[in-house]
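Undergrad: can't give you the sequence, but here's the structure:
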C-alpha cells in the first residue's frame, strides 16, 4: 500500500460541535415521510460524530421514528405535512452533548393526554409511542404554538 492509498483509507476524525448545530426539514405526513425523518436524522448525527451503530444513534432514531409516526398518523388524514427539527448542542455541564428532537404537526386541536403516558392494552394496535418516548428521553414534552400547530419534543443527553 503506497502512502497515498493509506491516507485515503484512514477514517476522518469525528466532527465535534461547539456551537449549536441545527437541521430542519418538512416532510409529508405518510409512513414514507416518517421513515425518511428517521433516516435523515441518523445521517445528520453521523456527520456530527454520533456513529450509525452507536446506542445514541439508535435512541435518537427511535425517538424521531415515534414522534414522526405520531405526526404522520394524526396529520396524514388531513393532508398536512410535519416538520422535523434536530438541534445538537454542548451540555451545560460540559459532560457531553444534548440532542433535541422536535416534531411539529398541524393538529393543535389534538392535545396530549394529561399525566404520564399509559401503555395500551395487549389488544390495542397503537398507543405505545409516548411510553417509549418517556422511557428513552431524558426530558420530553409538548407545546401548542398557535391555533393550528403543536410541537412534541424530546431531549437526550449524549455522552462524549
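TA: Right, received. Where do you want to start? Here the structure is a predicted model, which means the values were calculated and not measured.

Undergrad: where in the protein is the helix or strand with the lowest mean pLDDT?
TA: Ranked by mean pLDDT, DSSP states H and E, the weakest helix or strand in the chain is helix 3-9, scoring a mean of 54.

Undergrad: need the next SSE after that one, C-terminal direction.
TA: For helix 3-9, the following helix or strand on the C-terminal side (DSSP states H and E) is strand 21-27.

Undergrad: now the angle from the helix or strand following that next one to strand 21-27?
TA: Once the chain leaves strand 21-27, the next helix or strand it forms, by DSSP H and E, is helix 31-47. Here the directions of helix 31-47 and strand 21-27 differ by 170 degrees (axes from the mean of the first three to the mean of the last three Cα atoms, to 10 degrees).

Undergrad: tell me the buried residues in helix 31-47?
TA: Of all the residues in helix 31-47, those buried under the rule 16 or more other Cβ atoms under 10 Å are 33-34, 36-38, 40-42, 44-46. No exception for glycine: its C-beta is placed from N, CA and C like everyone else's.

Undergrad: hmm, who's touching the helix or strand just after it?
TA: Scanning forward in sequence from helix 31-47, with DSSP H and E defining helices and strands, the next element found is helix 55-75. Outside of helix 55-75, the residues that reach it under the criterion Cβ atoms under 8 Å, 6 or more residues apart in numbering are 27-31, 33-35, 37-38, 41-42, 45-46, 50-51, 81-82, 84, 86, 99, 101, 103-107, 110, 126, 129-130, 132-133, 136-137, 152, 154, 156, 158-159.
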